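[1] What shape does this take:
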Amino acid sequence: MSDGCDSQVGGWSPNTLREFIQVMLEEKDKRFEGRFADFKESVSSRFAVQSEGVATAMQAADRAVSAALAAADRAVGKAEAAAEKRFEGVNEFRSTLADQQRTLLPRIEADLNFKALTSRLDTVESAVRRAEGVGVGVAKGWALAVGLMGLISVVIAALAMFGK
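    Residues are numbered from 1 along each chain as shown. Predicted coordinates:
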């Protein structure tokens, strides 16, 4: 007997066993390499599909953002135009108030003018009353004179009639 490496048991020797195991390991390596290549190809195709999906989504997002920016620009333009119209109205109102301030009579000045006119009216009224009083006196005097003249005429006429 030798070292026991050359002895055969049931047709198997350590060398044949080693060759058998190496063949089996090489076959397993080939199967694993095939599986790895299939897996790698599957991952690559999935990655390509996902990359294409992401690119499509990014393009759609770009279009959506562009549309939103355009809409926002239009909205800003409309808001600016509306604000401009409001400011025009406010400026017109301010102009009207400034015109009123320049042209309308201030209350203090109006009160002074009213008091001056009231005192003049009082003066005129008292003059009219005096004039009316004088006029009434003159009218009564004339009425009395005419009445006396009439009475004298009647007395003279009565004397003339009875005296003859």
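[2] Check the protein for its longest helix and report it.
    Criterion DSSP state H: the longest helix present in the chain is helix 14-103.
[3] which helices and strands does that helix pack with?
    For helix 14-103, there is no helix or strand it packs on, judged by 3 or more CB pairs under 8 Å, 6 or more residues apart in numbering; DSSP states H and E. In short, each C-beta sits where N, CA and C put it, glycine included.
[4] And this structure, what are its domain boundaries?
    Domain assignment for the chain, taken from automatic domain parsing, gives 1-104, 108-164.
[5] burial of Val138, as a residue count?
    By other CB atoms under 10 Å, the residues close to Val138 number 10.
[6] swap in the one 5 residues further on?
    Ala143 is flanked by 10 other residues according to other CB under 10 Å.
[7] For it, give its distance to Gly137.
    Distance, Ala143 to Gly137, by CB to CB, to the nearest Å: 11 Å.
[8] low pLDDT regions in the chain?
    1-9, 164 (pLDDT under 70).
[9] Just give me the residue right at the centre of it.
    Nearest to the geometric centre of the chain sits Ala83, at 6.8 Å (CA atoms, centre = their mean).
[10] That one and Lys115: what is the separation?
    Note on Ala83: its distance to Lys115, by CB to CB, is 48 Å.
[11] And Glu125, by the same measure?
    For Glu125, the distance to Lys115 equals 15 Å [CB to CB].
[12] and what of Arg94?
    Computed as CB to CB, the Arg94 to Lys115 distance reads 33 Å.
[13] now swap in Leu159 and tell me
    According to CB to CB, Leu159 stands 65 Å off from Lys115.
[14] repeat for Ala157
    62 Å.
[15] same question, Val76
    59 Å.
[16] In a strand, Leu105, correct?
    No. Assigned with DSSP: H, G, I helix; E, B strand; the rest coil, Leu105 falls outside any strand and is coil.
[17] Now it. Nearest residue, chain neighbours left out?
    Closest residue in space to Leu105, ignoring its immediate chain neighbours: Asn113 at 7.7 Å, by CB to CB, 6 or more residues apart in numbering.
[18] can you give me phi and psi for the one you found?
    phi -60, psi -40 (degrees, to the nearest 10).
[19] ok, it - how many residues close by?
    For Asn113, the count of nearby residues is 11 (other CB under 10 Å).
[20] Could you tell me how far it is located from Ala98?
    The spacing between Asn113 and Ala98, counted by CB to CB, is 23 Å.
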